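K.L.:
Got a predicted model here, sequence first, then my questions.
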Amino acid sequence: MRGNQTRVTEFILLGLQLHAEMEVFLFWIFSLFYAFSLLANGMILGLIWLDSRLHTPMYFFLSHLAVIDISYASNSVPKMLANLGNQKKLISFTPCIMQTFLYLNFAHTECLILVVMSYDRYVAICHPLQYTVIMSWRVCTALAVASWAFGFVVALVHVILLLRLPFSGPQGVNHLFCEILSVLKLACADTWINEVVIFAACVFLLVGPLCLMLVSYTHILLAILRIQSGEGRRKAFSTCSSHLCVVGFFFGIAMVVYMAPDSNQREEQQKILSLFYGLFNPLLNPLIYSLRNAQVKSAFYRALQKQRA
């Protein structure tokens, strides 16, 4: 039976399967979101790089988050936009696997960076006198490198297990991009090992980190309530609420996508929810951190004043 199969050289990205007029409309809407996300994250990176007052651990990790968001969007959105204006919607096998790898790499790394950011806030609020010692630049660099390295290794494991599977073509990926669960459904072999590894990754990179962050923010909340100054409480709440918004959106949607029971309706929901990671989240993160953060807004105003001078 396997001898009659033709090895797949390309996939068909089925996408949202809408009318031509709606696809043109979404093309322009998605293009605007993509452009604004690149602009917003680029602005955050520029401000952190140029303003010495933002050279702190919190903004060091925020710059990594901005890099991840730019990379996240650039991995899937350009191909998604090209397919909205193309009837064939084809993607070659190698670019598809690379897209899967990069998607997983950035997703895992963002999980870990968000955990590190919550730890940074925990130390800053619960142990302020020891903050500069605990969160030294050596420690911050080690945490960032470890997050990227671990994300890379886990994504590589997923892709190696994916490449061992036989695929026969032509095959239609029922998604907007080469998302791993959608690609796995096209394999001509048992995928239980892949599914077990994906579940294990969800436990260690979604459930585990979320529990750690909940513990951290429980201690943070108790510490904030003990602050005597009303201005101090307000500042601490403002900083932490921004991070909690990002964490809530990111982990909540990831759990719905990867840990909810499988069904045909879930496949359609996954397509819509995947837009959050590719389009909305990269734009939402800089907006949340800039609009709700006085230091970032001050840095932006100082940059404008330098341009006018």
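P.N.:
Arrived safely.
K.L.:
Measure how buried residue 63 is and give me the count.
P.N.:
For residue 63, the count of nearby residues is 19 (other Cβ atoms under 10 Å). (Each C-beta comes from the backbone N, C-alpha and C, glycine too.)
K.L.:
pretty sure it is touching residue 46, no?
P.N.:
No. Using Cβ atoms under 8 Å as the test, residue 63 is too far from residue 46 to be in contact (9.9 Å).
K.L.:
what about the helix or strand hosting residue 241, average pLDDT?
P.N.:
Using DSSP states H and E, residue 241 sits within helix 230-259. Here helix 230-259 scores 74 as its mean pLDDT.
K.L.:
likewise stretch 42-60?
P.N.:
Mean predicted lDDT for stretch 42-60 stands at 87.
K.L.:
what do you get for stretch 177-193?
P.N.:
Model confidence over stretch 177-193, given as mean pLDDT, is 87.
K.L.:
Residues contacting that stretch, please?
P.N.:
The contact list for stretch 177-193 (Cβ atoms under 8 Å, 6 or more residues apart in numbering) reads 2, 5, 8, 11, 13, 75-76, 79-80, 91, 96-97, 99-100, 103-104, 158, 161-162, 165-168, 171-175, 194-195, 198, 258, 267, 270, 274, 278.
K.L.:
Mind checking what helix or strand follows the longest helix along the chain in sequence?
P.N.:
For the chain, the longest helix by residue count, based on DSSP state H, is helix 93-126. For helix 93-126, the following helix or strand on the C-terminal side (DSSP H and E) is helix 131-134.
K.L.:
So which other helices or strands are in contact with that following helix?
P.N.:
helix 93-126 (3 or more Cβ pairs under 8 Å, 6 or more residues apart in numbering; DSSP states H and E).
K.L.:
helices or strands next to the longest helix of the chain in the packing?
P.N.:
By 3+ Cβ pairs under 8 Å, 6+ apart, helix 93-126 packs against strand 10-13, helix 57-84, helix 131-134, helix 137-163, helix 180-184, helix 208-225, helix 230-259.
K.L.:
Could you export the ones you listed as CSV, including distance to residue 300?
P.N.:
Listed next are these as CSV, based on distance: least, Cβ to Cβ, whole Å:
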stretch, distance to residue 300
strand 10-13, 38
helix 57-84, 13
helix 131-134, 25
helix 137-163, 23
helix 180-184, 38
helix 208-225, 26
helix 230-259, 15
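K.L.:
in the longest helix of the chain, what counts as buried?
P.N.:
Of the residues in helix 93-126, 93, 96-97, 99-126 count as buried by neighbour count, 16 or more other Cβ atoms under 10 Å.
K.L.:
looking only at pLDDT, what's the mean for that helix?
P.N.:
Averaged across helix 93-126, the pLDDT comes to 91.
K.L.:
I'd like to check the angle between it and helix 137-163, please.
P.N.:
Angle between the axes of helix 93-126 and helix 137-163 is 150 degrees (criterion: axes from the mean of the first three to the mean of the last three Cα atoms, to 10 degrees).
K.L.:
Taking helix 57-84 as reference, get the angle to helix 93-126.
P.N.:
150 degrees.
K.L.:
Let me see the contact set for the residue lying closest to residue 97 once chain neighbours are set aside.
P.N.:
Once flanking residues are discounted, residue 97 sits nearest to residue 159: 6.2 Å by Cβ to Cβ, 6 or more residues apart in numbering. When contacts are counted by Cβ under 8 Å, 6+ apart, residue 159 touches 97, 100-101, 104.
K.L.:
Could you do residue 234 as well?
P.N.:
By Cβ under 8 Å, 6+ apart, residue 234 lies in contact with nothing.
K.L.:
re the thing from before, going through the contacts of stretch 177-193, which ones are buried?
P.N.:
Buried among those (16+ other Cβ under 10 Å): 8, 11, 13, 75-76, 79-80, 91, 96-97, 99-100, 103-104, 158, 161-162, 165, 167, 171, 173-175, 194, 198, 258, 270, 274, 278.
K.L.:
And the one residue sitting closest to the centre of the chain, how far from residue 14?
P.N.:
The centre of the chain sits closest to residue 107, judged by Cα atoms, centre = their mean, with a distance of 4.6 Å. When distance is defined by Cβ to Cβ, to the nearest Å, residue 107 is 22 Å away from residue 14.
K.L.:
Phi, psi for residue 21 please.
P.N.:
Phi and psi for residue 21, reported as degrees, to the nearest 10, are phi -60, psi -40.
K.L.:
tally of neighbours for it?
P.N.:
With other Cβ under 10 Å as criterion, residue 21 counts 8.
K.L.:
And the one 10 residues further on, by the same measure?
P.N.:
Neighbours of residue 31 under the rule other Cβ under 10 Å: 14.
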